[in-house]
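# with the input below, show me the fold.
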Amino acid sequence: MIRRPLSALVLGLLFAASTPAFAAGMQAAPDGASAKRSTREAYTKYEYRIPMRDGARLFTAVYVPKDSSRAYPFLMQRTPYSAGVRAEGELRYGVDWMPESLGPSREFEEAGYIFVVQDVRGRHMSEGVWQEMTPHAKPALGKGEGVEAQDMHDTVAWLLKNVPNNNGKVGIWGISYPGFYAAASVIDSHPAIRAASPQAPIADLYLGDDSYHGGAFKLAANFDFYSSFVAAPNPSPKSASGGGFDYDEADGYDFFLKHLSLGAIAGTMSERQRELFMPNIEHDTYDDFWRSRAIGPHMKNVKAAMLTVGGWFDAEDFQGPFTVHDAVRRHNPAAVNRLVVGPWVHGGWMRGDGARLGHVRFDANTSDYFRRNIQFPFFEQHLKGVKPATELAPVTMFETGTNVWRSYDAWPPKPARARTLYFNANGSLTWQQPAAGAGGYDEYIADPKRPVPYIGYPAHGVPREYMVSDQRFAATRPDVLVYQSEVLEEDVTVAGPVLPKLFVSTTGTDADWVVKLIDVYPADYPTPAPPRAGSDVGPPTLKLGGFQQLVRGNPLRGKFRNSYEKPEPFVPGKVEAISVELGAVNHTFRRGHRIMVQVQSSWFPLIDLNPQTFMRIPDAKPEDFRKATQRVYRAPGTASGLQLMVMP
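Prediction:
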């Protein structure tokens, strides 16, 4: 990935499964061709150290419009990634260093806001002690520890009193880790906080966000992230970076497979890189470490209007937006509570036009649309009283496949009904259960030393494209089960959670079950002609006829089939029912396409390897990784399938 300078407010856009190199791609693209004023022309920068109730001082940069003829609202971001400015290859603090852009998009600069960006407690130039996803309800705070909602309350009170020309209203926003801070900061919120937009917020690191999915550890992303995101002494203007990692292999698959066990993999990192990485491995069940960091149960007494944002193809914090939105709805039924999900990767609505991802096209500049028609009017309405041209629906979703925006009163949409696609003989996939007398199972041998890759090309870290990646490379492997519908005679629109319902057995005592929902394109699907470059022979074109687009996929670590707190071994050969939500979708399988489901027992190195021996996987040695025969049953009474929420 290419490293580029970052603006101060853009610096805080990523979280735990993305690297600082990925953050370099997060700068907002210009929203139009017209030239815009430099931030230095229109704004004056101030730096403050704002005292908290325990005496810790938090570094805060404030950008005030030079036009003092009117009052402005505050628009604030709190970040662990530095309130400084990336310039001339260094992280810079000081009022003379100005970022290239301010706020979420250029509309905000032109409309006039007082922009605020703050180093959260214990990071960079702020005092105090930093904690990974600060627990909200810790029984006793250690010296220097804080509560994010209290730090935000104290900051707002100080800003209102000490920064002139403010209109008494505050908004907060942030993407990824700053999205977590945006959510955590509005609990029991200061009454001046009128609007908040947690975007790709982390809600629960173990239950579906950055660290674990279905009880399986997200290896490649966390290894890549924590090799650069490290603890550092504070206050300090120096960059808190671990320097990244030299894999010394062309492909992350080969690197991780060579080391095999989590212990050996962690041993390749420096002591400084392991400090924040190791707790993710050591806490391999849903214990108090994770529960104390889950923000959903605490989203109470929220006075701000909420705009929670997510991306259908966010490989990092896909679940967080749904969790935060639902928690606000449950605990604050009278609150203005809006949810927007578009066809974006992590933070993709912040930059670029959002017209495509990899080989998948969305036929519209979806990111531009969001920034101009949803995000900007939301803050204008709640911080300035500007009536929007169109009132935003409670839920706004981009429907992939048809590539249209949909408005709903609730999520999942009330008309959606649960239907199950069943696995049948000869790899068929139908809405009908297996007939009486039909029976059997499908089986494969899962070898942890020859795992199924999650993409069909070499890469380090986690490519953003993987969320829609072509699955044809996996469909041909003998350790992947493939079930496919007939060609669809009419559109099938799925809107809501995807829930596998499997009956399985294993010859081992533990197993992973990875389930993938796939859209199979027609054989004659058109492939765009590649641009020609002179007379040179171009690279081979990927034919989109028969393309197997991943729509949603996730693992379930079998020992957690009944509880993430108390793992249980399998009895070899015993048939067991397993189920875990893959996540939500709003996707239409078009007429002429097929629906496919793939089932496998590894997804490497996206998730770590299961030795298929019941044990604490962080303690596994190479000899613990063993082959096992996995069976998926498809008989009456043990009919495996995939439950979808289907629109009429």
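# mind listing residues that contact the longest helix belonging to the chain?
If you go by DSSP state H, the chain has its longest helix at helix 148-162. Contacts of helix 148-162 with the rest of the structure, by Cβ atoms under 8 Å, 6 or more residues apart in numbering, involve 48, 50-53, 58, 60, 62, 74, 76, 78, 116, 118, 120-121, 134, 136, 166, 168, 170, 172, 181, 184-190, 192-193. Placement of C-beta: from N, CA and C, glycine included.
# buried ones in that helix, by neighbour count?
Neighbour-count burial for helix 148-162 flags 148-156, 158-160 (criterion: 16 or more other Cβ atoms under 10 Å).
# tell me the one of those nearest Ala635?
Using Cβ to Cβ, Glu148 comes nearest to Ala635 of these, at 51.7 Å.
# returning to what we had before: out of the buried residues of helix 148-162, flag the one nearest to Ala584.
Proximity of the buried residues of helix 148-162 to Ala584 (Cβ to Cβ) peaks at Glu148, which lies at 26.8 Å.
# which one is the closest one nearest to, not counting chain neighbours?
Excluding the flanking residues, the one nearest Glu148 by Cβ to Cβ, 6 or more residues apart in numbering is Ala184, at 3.9 Å.
# quick check, that neighbour in contact with Ile295.
Yes - Ala184 lies in contact with Ile295 (Cβ atoms under 8 Å); the separation is 5.6 Å.
# now do the shared contacts for the two.
In contact with both Ala184 and Ile295: His136, using Cβ under 8 Å, 6+ apart.
# relative to Phe503, how far out is Phe289?
Phe289 is 33 Å from Phe503, where distance means Cβ to Cβ, to the nearest Å.
# repeat that for Ala264.
For Ala264 relative to Phe503 (Cβ to Cβ), the value is 35 Å.
# also Val494?
From Val494 over to Phe503 (counting by Cβ to Cβ), the distance is 23 Å.
# what helix or strand is the residue most central in space within the chain located in?
Residue closest to the mean C-alpha point of the chain, counted by Cα atoms, centre = their mean, is Asp317 at 2.0 Å. In this structure, Asp317 sits in neither a helix nor a strand according to DSSP states H and E.
# next up, the contacts around it.
Neighbouring residues of Asp317 by Cβ under 8 Å, 6+ apart: 15, 176, 179, 200-203, 209-210, 310, 346.
# which among those count as buried?
15, 176, 179, 200-203, 209-210, 310, 346.
# out of these, the closest to Ala418 would be?
Ala418 lies nearest to Gly310 out of the buried ones among the contacts of Asp317, by Cβ to Cβ, at 22.5 Å.
# so the closest one is in which element?
strand 305-311.
# helices or strands up against that strand?
In terms of contacts (3 or more Cβ pairs under 8 Å, 6 or more residues apart in numbering; DSSP states H and E), strand 305-311 is packed against strand 193-199, helix 319-331, strand 337-342, helix 376-384.
# give the buried residues for the longest one.
Read that as helix 319-331. So, applying 16+ other Cβ under 10 Å, buried residues of helix 319-331: 319-329, 331.
# which of Ala264 and Phe503 has more residues huddled nearby?
Remark: of Ala264 and Phe503, Phe503 carries more neighbours, 20 against 14, as counted by other Cβ atoms under 10 Å.
# neighbours around Arg450, how many?
Neighbour count for Arg450, taken as other Cβ under 10 Å: 13.
# look up how far Tyr253 lies from it.
Distance from Arg450 to Tyr253, by Cβ to Cβ: 11 Å.
# His298 contacts Val186, doesn't it?
No - taking contacts as Cβ under 8 Å, His298 lies outside contact range of Val186: 10.6 Å.
# these two - which one has more neighbours?
Val186 (28 against 18).
# which SS state does the more buried one fall under?
Following DSSP: H, G, I helix; E, B strand; the rest coil, the label given to Val186 is coil.
# shouldn't Leu550 be within a strand?
Yes - the assignment for Leu550 by three-state DSSP puts it in a strand.
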